[in-house]
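Novice: predicted model and sequence follow; I will ask about them next.
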Amino acid sequence: MTEGISPSQADKKNTGDKKPNELMLRVNSALVLITVSLLLAYSGAVSFAALIAVVVALMAWEWGRLIRGRGLDEAFAVQVSASAVAALCAAYGMPGAALSIILIATAAVFVLRRLTDTPEKAWWSAGGVYYAGFPAIAMIWLRGDPVDGWHAILFLFIVVWTTDTAAFVFGRIIGGPKLAPRISPKKTWAGLIGGLLAAGAAGLLFAQAVSTQSLALGAVAAGLALVAQLGDLAESALKRLFGWKDSSGLIPGHGGVLDRMDGLVAASVAAACLAWMIDPRHPGAALLMRL
């Protein structure tokens, strides 16, 4: 006679079976996203701008769901239209015009939402235009550098992806004190430090690959890693404020586009600001510390 399996044992077995499947789903989704992103970024500024425009549209839809409970409305239409035009302006070397369009769209969304919403909620809706639009312009502007644009975007991607991966691995292996338990219970100080160290190392290696100043680029990478993790926490705080676990289920195994873009959103703006301060005429070279 075979022994029966208790309900609790069955639940544990099912949970154990799900974990490898969920991990494979996350890995496969990540590989697809990475491949598409790198191919379009490598193809040129215009194709990269088209990718960013699609990403911004998805972010706008998710932002509307988070803030207003619906993604498709007049605020979404204004944000997507303005972001598409701004992306084209940035791709063709007019970042000032692109920024102006985003600022005008932010004001327009506030006015539209104020007709039916409270001032606070209208500000949150308008903030979505800024949150998605400024990083989009920043990345397209960096990619627009005719000499170092591709390497600048590749560097930014590598730093953010390395930070996310290392923070997850170090947090799981080492554990320890929580970083911000009320905002993101799974994040740890070990993950934060591990992410910074791994990103710094990635910056040093990247500097060797593109023949630029190693220590300077390593420091930039570590700084961007810190900004990326702060961006991750900020997006987690936003979701908690409005009672959401994931921004959507668009990306299998990962949640939504906002969930995947949180670190890159913050890091791209910081990278563009740094490049602007060093040499706004050659943003890619400036970010890579080709001084």
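Specialist: Thanks, I have the structure now.

Novice: so where's the longest strand in the protein?
Specialist: strand 184-188 (DSSP state E).

Novice: Gly127: neighbouring residues, count only.
Specialist: Neighbouring residues of Gly127 were enumerated by other CB atoms under 10 Å; the total is 16. From N, CA and C alone the C-beta is placed, and that goes for glycine too.

Novice: quick check: nearest residue in space to it, chain neighbours excluded?
Specialist: In space, and not counting its chain neighbours, Gly127 is closest to Thr106: 7.6 Å by CB to CB, 6 or more residues apart in numbering.

Novice: measure the one you found to Ser83 for me?
Specialist: Using CB to CB, to the nearest Å, one gets 11 Å for the distance from Thr106 to Ser83.

Novice: more neighbours, those two?
Specialist: Neighbour tally, Thr106 and Ser83, criterion other CB under 10 Å: the higher count belongs to Ser83, 26 against 22.

Novice: identify the residues contacting that one.
Specialist: Residues touching Ser83, when contacts are defined by CB atoms under 8 Å, 6 or more residues apart in numbering, comprise Ala53, Val56, Ala57, Ala60, Ile102, Ala105, Val129, Ala132, Gly133, Ala136.

Novice: state the pLDDT value of it.
Specialist: Ser83 is assigned a pLDDT of 89 by the prediction.

Novice: please apply the same query to Gly64.
Specialist: Looking at Gly64, its pLDDT is 87.

Novice: give me the contacts around stretch 57-71.
Specialist: 72-73, 75-76, 79-80, 83-84, 113, 117, 121, 124-125, 128-129, 131-132, 238-239, 242, 244, 247-248, 250, 256-258, 261.

Novice: repeat that for stretch 250-263.
Specialist: Stretch 250-263 is touched from outside by 22, 25-30, 33, 55, 58-59, 62-63, 66, 135, 160, 163-164, 228-229, 231-232, 234-236, 245-249, with contacts defined as CB under 8 Å, 6+ apart.

Novice: please list only the buried members of those residues.
Specialist: When burial is judged by neighbour count using 16 or more other CB atoms under 10 Å, the buried members of the contacts of stretch 250-263 are 29-30, 55, 58-59, 62-63, 66, 135, 160, 163-164, 228-229, 231-232, 235-236, 247-248.

Novice: in helices only, show me those residues.
Specialist: 29-30, 55, 58-59, 62-63, 66, 135, 160, 163-164, 228-229, 231-232, 235-236 (DSSP state H).

Novice: so for the longest strand of the chain, mean pLDDT?
Specialist: Along strand 184-188, the predicted confidence averages to a pLDDT of 87.

Novice: may I have the very next helix or strand once past it as PDB, with CA atoms only?
Specialist: If you walk from strand 184-188 toward the C-terminus, the next helix or strand you reach (DSSP states H and E) is helix 189-210. Backbone C-alpha positions of helix 189-210 (Å, rounded to 0.1, in the frame of the first residue of the first chain) are rendered in PDB as follows:
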ATOM      1  CA  TRP A 189      21.800  46.400   2.700                       C
ATOM      2  CA  ALA A 190      23.800  43.500   1.500                       C
ATOM      3  CA  GLY A 191      22.000  43.700  -1.900                       C
ATOM      4  CA  LEU A 192      22.600  47.500  -2.000                       C
ATOM      5  CA  ILE A 193      26.400  47.200  -1.300                       C
ATOM      6  CA  GLY A 194      26.700  44.200  -3.600                       C
ATOM      7  CA  GLY A 195      25.000  46.100  -6.400                       C
ATOM      8  CA  LEU A 196      27.400  49.000  -6.000                       C
ATOM      9  CA  LEU A 197      30.500  46.900  -6.000                       C
ATOM     10  CA  ALA A 198      29.400  44.800  -9.000                       C
ATOM     11  CA  ALA A 199      28.500  47.900 -11.000                       C
ATOM     12  CA  GLY A 200      31.800  49.500 -10.100                       C
ATOM     13  CA  ALA A 201      33.700  46.400 -11.300                       C
ATOM     14  CA  ALA A 202      31.600  46.400 -14.500                       C
ATOM     15  CA  GLY A 203      32.600  50.000 -15.000                       C
ATOM     16  CA  LEU A 204      36.300  49.200 -14.700                       C
ATOM     17  CA  LEU A 205      36.000  46.300 -17.200                       C
ATOM     18  CA  PHE A 206      34.000  48.400 -19.600                       C
ATOM     19  CA  ALA A 207      36.600  51.200 -19.400                       C
ATOM     20  CA  GLN A 208      39.200  48.600 -20.500                       C
ATOM     21  CA  ALA A 209      37.100  47.500 -23.400                       C
ATOM     22  CA  VAL A 210      36.500  51.000 -24.800                       C
END
